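> need a 3D model of the following:
(one chain, ligands or ions: 2)
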Amino acid sequence: MTIESDAGTRQAEADPSKAQLTNASLELTPELADLYRRFDEANLSPLWTQTSNVLTFHPMSKAVPFRWRWADLYPLAERSGELVPVGRGGERRAIALANPGLGGEPYATPTLWAAIQYLGARETAPEHRHAQNAFRFVVEGEGVWTVVNGDPVAMRRGDFLLTAGWNFHGHHNDTDQPMAWLDGLDVPLSDYIDIGFFEYGTERVTDESSPELSRSERLWAYPGLRPLSGLDEKVSSPIAAYRWEYTDRALTEQLRLEDEGHPATVSQGHAAIRYVNPTNGGDVMPTMRAEFHRLRAGATTRPTYEVGSSVWQAFDGEGAMIVDGVRHQLDKGDLVVVPSWVPWSIEADSTFDLFRFSDAPVIERLGFARTRVLDHP
Ligand code: GTQ
Ligand code: FE2
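Residues are numbered from 1 along each chain as shown. Ligands and ions are numbered 1, 2, ... in the order given. Model prediction:
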């Protein structure tokens, strides 16, 4: 739902001190103080005294907009590689982005986990499975195979790889070079709603081969074609890897079509794709949406407010994200968190490529989706 006016935002803008409901004028008599003490003893808490965000005129996330630089993350991941073995128990050498507004929890946003994961030369991260959904996005490097349900899936720059919930998975580095990538999971959401299950699998990955293409891609990854052996709807996409070759080509062609006068881009000079589940045309997983954006040099997007939170990663080129009026110039691998209802826009200095993931499928399924796009840049 795109709305051009928004009652909540207008009320809050008219009186910013009233960004949430209060009843400050009530006088605290001894009788009232006694009532509050009795509430407390009975484990009760009246609505009218709330200072946290029970009913706000618009989303007011505890998460804050924030940027992490790849140039800071990578050396710390590398140092972890020297000091911290990867193996059973710790499971993964993954370092989570901890949003400064979320009280030290390892959460990028209230719903999304984002981490840099590092695997040294010839190392293996053991197999396990969990209810939480996961994906990998590769901003640089290659040489790791993630083995999902016994199917080895190559990881290379620009690839987007799925590990939907409850599939066994382990990772092995088949080269003499380390590799680091971005993990996204619905861990914070799973924490609030108590859906977590976990099981250990084998210490070595169940298939140590390193094929170019996974079995999943050989069966599923052809545009517009489905195997008749798999016509049932699956809640998560059966495609284990969305290859950079296709993402890049789709974006290139959107911009070419725009040049040729055919409608193809989301806005002037802004090409974008969503990764989808071919069995239902929806998002790749029930809890997370993933997209890739490409802006032409000089292109900008209009400031946009969205319900739900996102994490962006710069992939290539020069440009900036403006989040709540703060400009973040981004280099390859830099990550930016956009909390719910915080306005963001992008400005491209050169052709500028960015990956994004969000909790949009949850927000949409629950009927809470709203978007507000400002007219002016
Ligand atoms: O690679 O299996 O960042 O289970 C967090 C939890 C990665 C993984 C994370 C995980 C994984
Ligand atoms: Fe995992």
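
> list the buried residues in the longest helix anywhere in the chain.
As assigned by DSSP state H, the longest helix anywhere in the chain is helix 244-259. Buried residues in helix 244-259, counted by 16 or more other Cβ atoms under 10 Å: 244, 247, 250, 251, 254, 255, 258. From N, CA and C alone the C-beta is placed, and that goes for glycine too.

> elements contacting that helix?
Taking 3 or more Cβ pairs under 8 Å, 6 or more residues apart in numbering; DSSP states H and E as contact, the helices and strands that helix 244-259 lies on are strand 270-274, strand 289-295.

> can you pull out the helices in this protein?
7-14, 30-41, 70-83, 187-193, 215-220, 244-259, 360-365.

> which among these is found nearest to ligand 1?
Nearest of the helices of the chain to ligand 1, taken as Cβ to the nearest ligand atom: helix 187-193 at 6.9 Å.

> close to ligand 1, is the closest one?
No. Judged by Cβ under 6 Å from any ligand atom, helix 187-193 makes no contact with ligand 1; its nearest approach is 6.9 Å.

> mind checking the pLDDT average for that helix?
Across helix 187-193, the average pLDDT comes to 98.

> for it, output the C-alpha coordinates as CSV.
The C-alpha coordinates for helix 187-193 follow below in CSV (Å, rounded to 0.1, in the frame of the first residue of the first chain):
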residue,chain,number,x,y,z
VAL,A,187,17.0,-14.8,14.4
PRO,A,188,15.6,-11.8,16.3
LEU,A,189,12.0,-12.4,15.0
SER,A,190,12.4,-16.1,16.0
ASP,A,191,13.5,-15.0,19.5
TYR,A,192,10.3,-12.9,20.0
ILE,A,193,8.0,-15.5,18.7
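
> now it: buried residues?
Quick answer for helix 187-193 (16+ other Cβ under 10 Å): 187, 188, 189, 190, 191.

> surely residue 62 touches residue 100?
No. Applying Cβ atoms under 8 Å, one finds residue 62 not in contact with residue 100, separated by 10.1 Å.

> for the two, indicate the residue with more neighbours.
Using other Cβ atoms under 10 Å as the criterion, residue 62 and residue 100 rank with residue 62 on top: 15 against 10.

> need phi/psi at that one.
Main-chain torsions, residue 62, degrees, to the nearest 10: phi -70, psi -30.

> retrieve the pLDDT associated with residue 145.
98.

> identify the bridge partners of it.
Taking DSSP bridges, one obtains residue 154, residue 172 as the residues bridged to residue 145.

> quick check, the residue in the stretch 201-350 of the chain closest to ligand 1?
Counting by Cβ to the nearest ligand atom, the stretch 201-350 of the chain gets nearest to ligand 1 through residue 201 (10.6 Å).

> for that residue, give me phi and psi.
phi -120, psi -150.

> now the nearest residue to residue 304 once chain neighbours are set aside: how far from ligand 1?
Closest residue in space to residue 304, ignoring its immediate chain neighbours: residue 373 at 5.1 Å, by Cβ to Cβ, 6 or more residues apart in numbering. Going from residue 373 to ligand 1 by Cβ to the nearest ligand atom, to the nearest Å gives 32 Å.

> surely residue 373 meets residue 267?
No. Residue 373 lies out of contact with residue 267 (Cβ under 8 Å); the separation is 9.3 Å.

> what is the burial count for residue 142?
Neighbours of residue 142 under the rule other Cβ under 10 Å: 17.

> same thing with residue 50?
Residue 50 has 14 neighbours, counted by other Cβ under 10 Å.

> and residue 108, by the same measure?
By other Cβ under 10 Å, neighbour count at residue 108 equals 30.

> roughly how far apart are it and residue 289?
Computed as Cβ to Cβ, to the nearest Å, the residue 108 to residue 289 distance reads 15 Å.

> equivalent analysis for residue 179, please.
Distance check for residue 179 against residue 289: by Cβ to Cβ, it reads 25 Å.

> likewise residue 221?
On the measure of Cβ to Cβ, residue 221 and residue 289 end up 19 Å apart.
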